[in-house]
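J.: A predicted structure for the sequence below; I have some questions about it.
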Amino acid sequence: MNHIMKKTIICWLGVVSLSSGAFAQTAQVKVQGNRFITADGKTIIFRGLDASDPDKLERNGQWNKHYFETVKAWGANVIRIPVHPAAWHIHGKKNYLKMLDQGVGWAKDEGLYVIIDWHSIGNLYGGKFFPASSELYPPTAYDTTQEETLDFWHTMAKHYGGNNTVAFFELFNEPALGGNMGTATWPQWKGVLEEIIKTIRANGGTAVPLVAGFNFGYDLTAVAKMPIEAEGIGYVAHPYPMKAKQPWETNWTHDWGFVADKYPMILTEVGFLPPDEPGGYNPITGDETYGDALTAYCRVHGISYTVWCFDPHWSPCLIKDWNFTPTRAGAYFKKAMQNP
């Protein structure tokens, strides 16, 4: 996870229905201008849920088809699957791929697209990573290297090339700089990302690469003057409630929303934890006021989003238990996805 609003007129004629599963099984997602489209030119707006790591779901006895059926029943047309480096290390490449293949198969059965997310937090350029809670994984949950990251995407590209269900590769979850994370300039980070994209495409990868900005995946201001030098990509932001002060819409447009005028965007982590509920922390504390502002902003600008997290333990949680009882935030976003 863990901007002066410029109105954009979105022509909804020809936008693929959120509940349509047929396209997920047959149509590759591509980029055209600032839109995600299928081969027949139909625009797709994604609304979906963030899973917890397949490793975590397997340990909880929840890595199964029912989990994906429930994601679909909530109104999603995409599921984001985060792969923590620690989980990748624990299972090993061969066994983790078996788990991913199961998930991709269940997603296909339900007409869901998949985002595979290399779920690290920190400074890949400088080799410093955010210390995770031992309850999640070891404190080194996010630790990786440029070499391993390139190898991961080399593996994903070869394994899922031509698989239309796997629509997106989110290259690095949340770049974080400053303090003990060390520093990197945007040109330096941009160079790393461009090398990853070249590696994916040189090895047959057909999924759309997704690029996050600085400040834990929130800040894309550098893109205005220096966009990634690669065609057919999308950009990512994680605008939790406390990442910007109100008026949210003005600040969002300044910080990342302007990108949607030229490039397709997916907000791959959004969500909130009400201030009166335990477990809150910066930047996730918020309520339905934030939800209303965010969903309206996405509708106006044609921006896709996925909501964190479809798990009763990883905050902000969308469910209270493994009966999939919605939390307050879960009830809000379930209704939002079912009534776009």
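T.: Structure's in. What do you need?

J.: give the contact list for the residue of the chain most remote from its centre.
T.: Distance from the C-alpha centroid of the chain, by CA atoms, centre = their mean, peaks at residue 276 (26.8 Å). Contact analysis of residue 276 by CB atoms under 8 Å, 6 or more residues apart in numbering lists nothing. In short, each C-beta sits where N, CA and C put it, glycine included.

J.: contacting residues around the closest residue to residue 29 other than its chain neighbours?
T.: Computed as CB to CB, 6 or more residues apart in numbering, the closest residue to residue 29 that is not its neighbour in sequence is residue 167, at 4.1 Å. If you count contacts by CB under 8 Å, 6+ apart, residue 167 has them with 28, 29, 78, 113, 114, 115, 207, 208.

J.: also residue 162?
T.: Contact analysis of residue 162 by CB under 8 Å, 6+ apart lists 204, 206.

J.: please give the element, helix or strand, for the residue farthest from the centre of the chain.
T.: Using DSSP states H and E, residue 276 falls within no helix or strand.

J.: got the confidence number for it?
T.: Listed pLDDT for residue 276 reads 91.

J.: any regions of the protein where pLDDT drops low?
T.: 1-26, 133-137 (pLDDT under 70).

J.: what residue is smack in the middle of it?
T.: residue 268 (2.8 Å).

J.: what does the helix or strand containing it contact?
T.: Using DSSP H and E, residue 268 sits within strand 265-270. Defining contact as CB under 8 Å, 6+ apart, one finds that strand 265-270 is touched by 1, 34, 46, 50, 80, 115, 117, 168, 170, 210, 212, 217, 234-240, 256, 259, 294, 298, 301, 303-308.

J.: just stretch 295-307 next, same as before
T.: Defining contact as CB under 8 Å, 6+ apart, one finds that stretch 295-307 is touched by 7-8, 10, 34-36, 43-50, 76, 78-80, 115, 248-249, 252, 257, 260, 264-271, 294, 318, 329, 333, 336, 340.

J.: what about the residues you listed, which are in strands?
T.: Members of those lying in strands (criterion: DSSP state E): 35-36, 43-44, 47-50, 78-80, 115, 265-270.

J.: give me the buried entries from those.
T.: Neighbour-count burial (16 or more other CB atoms under 10 Å) applied to the ones in strands among the contacts of stretch 295-307 gives 35-36, 43-44, 47-50, 78-80, 115, 265-270.

J.: which residues in the protein form helices?
T.: 22-26, 54-59, 65-73, 85-91, 93-109, 146-160, 186-202, 214-217, 248-255, 288-301, 328-338 (DSSP state H).

J.: how far off centre is stretch 313-321?
T.: Centroid separation between stretch 313-321 and its chain, computed with CA atoms, centre = their mean, to the nearest Å, is 17 Å.

J.: may I see the buried residues of it?
T.: So for stretch 313-321, counting by 16+ other CB under 10 Å, buried means 314, 315, 316, 317, 318, 319.

J.: could you measure from the residue lying closest to residue 212 once chain neighbours are set aside over to residue 31?
T.: Using CB to CB, 6+ apart and skipping residues adjacent in sequence, the residue nearest residue 212 is residue 236, 4.2 Å away. According to CB to CB, to the nearest Å, residue 236 stands 14 Å off from residue 31.

J.: coming back round to it: parallel or antiparallel, list what pairs with the strand holding residue 268.
T.: strand 234-236 (parallel), strand 304-307 (parallel) (DSSP bridges).

J.: got the angle between it and helix 248-255?
T.: Relative orientation of strand 265-270 versus helix 248-255 (axes from the mean of the first three to the mean of the last three CA atoms, to 10 degrees): 120 degrees.

J.: tell me which residues touch residue 122, please.
T.: Taking CB under 8 Å, 6+ apart as the test, what residue 122 contacts is 128, 129, 130, 142, 143, 174, 175, 176, 181.

J.: tell me how far residue 127 lies from residue 117.
T.: Taking CB to CB, one finds residue 127 at 20 Å from residue 117.

J.: the more surrounded of the two?
T.: residue 117 (27 against 13; other CB atoms under 10 Å).

J.: which residues touch that one?
T.: Per CB under 8 Å, 6+ apart, neighbours of residue 117: 80, 81, 82, 83, 170, 173, 268.

J.: mind listing the residues bridging to the closest residue to it other than its chain neighbours?
T.: Closest residue to residue 117 apart from its sequence neighbours, by CB to CB, 6+ apart: residue 170 at 4.0 Å. Using DSSP bridges, the bridge partners assigned to residue 170 are residue 117, residue 210.

J.: give the contact list for residue 170.
T.: 80, 115, 116, 117, 118, 210, 212, 236, 268.

J.: just send those back as TSV, with distance to residue 147 too.
T.: Rendered in TSV, the data for the contacts of residue 170 read as follows (distance: CB to CB, whole Å):
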residue	distance to residue 147
80	25
115	23
116	19
117	19
118	13
210	21
212	20
236	23
268	24
